[in-house]
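Participant: following is a predicted model, sequence given first.
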Amino acid sequence: MQKSLEDNFLNDFESNQNIVHKICRIYTTNQSDHNDLFQEITIQVWKNYSKFRGDSKFSTWMYRVALNTAISLYRKSTKKVKTQDIADVAFKIKAVEYDDTEEQQLKALYKAIQKLNDIDKALVFLYLEDKSYKEISLALGISEVNARVKMNRAKDKLKKILTP
């Protein structure tokens, strides 16, 4: 029996949903906003899933959709993220609670990252995820050289923020 588009999506999304949680953590400051952004990114990934051609890994494509959603929503509004009710969507996702106890030592780094501009946040996030500059450039739609230059500048900014 052939797997349906919905089954494939659920499998791909659930196995990579920590990507979305990490992006939400970088772009939000409280659990309510985190949940709203997670929901909106989930909807956007589902809406665009049929357009995923498989030219790259699903996780790379998902990074791009998730980052674009987070960046565009937070550029449009400094208030609450406008979301669509997930109950209106035809599929159900088992949300696994995000356990950030392992990341407590990164609290200062996350605070520093939040002070960066949207593009620098995305660069640092992908860098911390051990993505190659080629993967970073594909996810952000910039050249590999530009990704390297921007990353070096973002590192300098973080050093200045983290140095007392």
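Facilitator: Yep, it's here.

Participant: at the geometric centre of this structure, which residue sits there?
Facilitator: For the chain, the residue nearest the mean C-alpha position is Ile23 (3.5 Å; CA atoms, centre = their mean).

Participant: from Leu126, how far off is that residue?
Facilitator: Distance, Ile23 to Leu126, by CB to CB, to the nearest Å: 10 Å. Using the backbone N, CA and C atoms, a C-beta is placed for each residue, glycine as well.

Participant: need the residues touching each of those two.
Facilitator: Shared contacts of Ile23 and Leu126, defined by CB atoms under 8 Å, 6 or more residues apart in numbering, are found at Tyr63.

Participant: name the element Glu40 belongs to?
Facilitator: Under the criterion DSSP states H and E, the helix or strand holding Glu40 is helix 31-49.

Participant: what's the next helix or strand after that helix packed up against?
Facilitator: Once helix 31-49 ends, the next helix or strand along the chain (criterion: DSSP H and E) is helix 58-76. Where contact means 3 or more CB pairs under 8 Å, 6 or more residues apart in numbering; DSSP states H and E, helix 58-76 is packed against helix 5-27, helix 31-49, helix 118-128, helix 133-140.
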